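>>> Need a 3D model of the sequence below.
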Amino acid sequence: MIVPSTVFGRPGQPAPSDRVVVGSIGTGDLWHNYHYPTFKNNKRITFGPVCDVDRNRRDLAAKKILAEANRRVETYNDFRDVCERKDIDAVVVVTPDHWHALAANYAMECGKDVYCQKPLTLDIDEGKKLVDTARRYGTVFQVGSQQRSDTRFRLACELVRSGVIGTLKQVNAHINGVDAGEWQKPTTAPPELDWEMWLGPAPYAQYVPNRVHYQFRWFSDYSGGKLTDWGAHHNDIAQWGIGADGSGPVKVRATGKFGDNGPHDVALSFDVDYTYGSEHGNVALRCTSGNDDSVHGGGNGVKFIGSNGWVFVNRERVEMQLDGKVFASDKKSKTAGDKAQDIFHAFPEDKLKVQLYKSRDHHENWLDCIASRQLPICDVEVGHRSVTVCHLGNIALKLGRELEWDPIAERFNSDEQANRLMSRPKRGVWAV
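The predicted structure follows:
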């Protein structure tokens, strides 16, 4: 019998049996502008079916895959139809936040590996459930906190963890606030959008155009506002630098401003102060939407302050001040102008005392781990612990008092009102 050469793949490409067939749950802007461009030229990926409750978006995704990857894929309105397919290996969950845990958990129960966008969950108990399910099924679960796969963020955390800036005292995570929004009249959902399915587990609400797609982030029924949207990135890096990936703070207090003249009901601005325990040197973390340059160190990003200096990092640069000298990744430092030394040359990673998990690409790391069955750089428990920090801040904002948190038991100490806010009721048949 003659075996067709296509069984073994084309020259220079993995054999079909080595490729990961990936289904897509959610095909909005993030899928079109981030995930799809990354995946479309990856020889290790085969596109599987796509799902979205907006017919126009899922049809556009299918047309793109046909035109650019020469593959015809099926489209679905219900994520369960994708998860139950026997011919796919993994799913990418790119839905609004209130659907993350439900879709990811069901996919794992169907035997699929998962890449889920941050913030991982809508509440703390959802994250605990996802960790349990992932461990039960041996799922390779990557959370989309992709800053961990950025050399600048890794170097910043290695410098801190190696003690280069001395004893870590304070971490400042600066993210922006949000405005109050504009009221719009409820109307009938467009025919291409399954509004009932879009709401899913969330409380029923009449359709309003600025509640869906990108704007869902500013409504507490679907998200946690900027504190979870950007906080899930920068508080994640703060946890990495502190060395608290499997832990968290022991105290949290918060102040903030909520809108009274617009539909957005999340905190519009906030200052959240966390205290970590003695095992983490009693480090303080401040997550703020404020504009005080002395607090955040020069813009949206994370600033680690030690006894001998500080390190600031964002998606554009990493910069350090140590013993009066400035080191930076840019040719021109924000602090020292042209006098800064090259930080990568002055502090090569292989010479540092602590060298952290190295990933050059978040999607490739996920694919590597699907092949090896190892934990990815932002495993489900890492993502859960990082977004828990954000949820703690929102709970403290809601209650308006300092709270004590037990990061081992993952419960508030002697505060049942706060503990009840660790989960949210789900509407209808939906449950994680």
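>>> only C-alpha atoms for contact and neighbour calcs from this point on.
Noted.
>>> ok, residue 231 - contacts?
173, 175, 287, 387, 390 (C-alpha atoms under 8 Å, 6 or more residues apart in numbering).
>>> try it again with 10 Å
118-119, 173-176, 224-225, 237-238, 287-288, 386-387, 389-391, 393 (C-alpha atoms under 10 Å, 6 or more residues apart in numbering).
>>> now residue 344
151-152, 155, 318, 327-329 are the contacts of residue 344 under C-alpha under 10 Å, 6+ apart.
>>> try it again with 6 Å
By C-alpha atoms under 6 Å, 6 or more residues apart in numbering, no residues touch residue 344.
>>> after the helix or strand residue 99 falls within comes which helix or strand?
Residue 99 is part of helix 97-109 when elements are defined by DSSP states H and E. Sequence order places strand 113-116 as the next helix or strand after helix 97-109, per DSSP H and E.
>>> Just the CA trace of that next one, in CSV.
Presented in CSV, the C-alpha positions along strand 113-116 are these (Å, rounded to 0.1, in the frame of the first residue of the first chain):
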residue,chain,number,x,y,z
ASP,A,113,-6.5,22.3,26.9
VAL,A,114,-7.3,26.0,27.5
TYR,A,115,-6.0,29.4,26.8
CYS,A,116,-8.2,31.9,28.6
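>>> which other residues reach that strand?
So strand 113-116 is contacted by 90-93, 139-144 (C-alpha under 6 Å, 6+ apart).
>>> ok, now with 7 Å
With contacts defined as C-alpha atoms under 7 Å, 6 or more residues apart in numbering, strand 113-116 is touched by 89-94, 100, 104, 139-144.
>>> And the residues you listed, which of them are buried?
If you count burial by 16 or more other C-alpha atoms under 10 Å, the buried members of these come out as 89-94, 100, 104, 139-144.
>>> Can you lay out the residues you listed as TSV showing distance to residue 75 and secondary structure?
Formatted as TSV, the buried ones among the contacts of strand 113-116 follow (distance: C-alpha to C-alpha, whole Å; DSSP: H, G, I helix; E, B strand; the rest coil):
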residue	distance to residue 75	secondary structure
89	17	coil
90	16	strand
91	14	strand
92	15	strand
93	15	strand
94	15	coil
100	19	helix
104	18	helix
139	25	coil
140	25	coil
141	24	strand
142	24	strand
143	24	strand
144	24	coil
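>>> List the residues that contact residue 54.
Counted by C-alpha under 7 Å, 6+ apart, residue 54 has contacts 192-194.
>>> And for residue 383?
120, 143.
>>> so which strand or helix has it?
Going by DSSP H and E, residue 383 is part of helix 380-399.
>>> and after that helix, which helix or strand comes next?
As assigned by DSSP H and E, the chain's next helix or strand after helix 380-399 is strand 403-406.
>>> who touches that following strand?
249-253, 396, 411-413.
>>> ok, it: who's next to it in the sheet?
Sheet pairing of strand 403-406 (DSSP bridges) gives strand 251-258 (antiparallel), strand 411-412 (antiparallel).
>>> Number of residues surrounding residue 226?
22 (other C-alpha atoms under 10 Å).
>>> Can you give me every residue that contacts it?
176-177.
>>> Equivalent analysis for residue 27, please.
51-52, 57-58, 61, 94.
>>> could I get these as JSON lines with pLDDT, distance to residue 31 and secondary structure?
Formatted as JSON lines, the contacts of residue 27 follow (pLDDT from 0 to 100; distance: C-alpha to C-alpha, whole Å; DSSP: H, G, I helix; E, B strand; the rest coil):
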{"residue": "51", "pLDDT": "98", "distance to residue 31": "11", "secondary structure": "strand"}
{"residue": "52", "pLDDT": "98", "distance to residue 31": "11", "secondary structure": "coil"}
{"residue": "57", "pLDDT": "97", "distance to residue 31": "10", "secondary structure": "helix"}
{"residue": "58", "pLDDT": "98", "distance to residue 31": "10", "secondary structure": "helix"}
{"residue": "61", "pLDDT": "98", "distance to residue 31": "9", "secondary structure": "helix"}
{"residue": "94", "pLDDT": "98", "distance to residue 31": "7", "secondary structure": "coil"}
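>>> By neighbours, which of those residues wins?
Among those, residue 51 has the most neighbours (other C-alpha under 10 Å), with 28 neighbours.
>>> got the end-to-end distance for stretch 39-53?
With C-alpha to C-alpha, to the nearest Å as the measure, stretch 39-53 spans 22 Å from end to end.
>>> Revised request: answer the last question for stretch 241-261.
One end of stretch 241-261 to the other measures 39 Å (C-alpha to C-alpha).
>>> Please apply the same query to stretch 312-329.
11 Å.
>>> Just after the least confident helix or strand in the chain by mean pLDDT, pick out the following helix or strand.
Least confident element among the helices and strands of the chain, by mean pLDDT, DSSP states H and E: helix 293-296 (a mean of 46). Using DSSP H and E, the next helix or strand after helix 293-296 towards the C-terminus is strand 301-306.
>>> Show me which positions of that next one end up buried.
For strand 301-306, by 16+ other C-alpha under 10 Å, it's 301-306.
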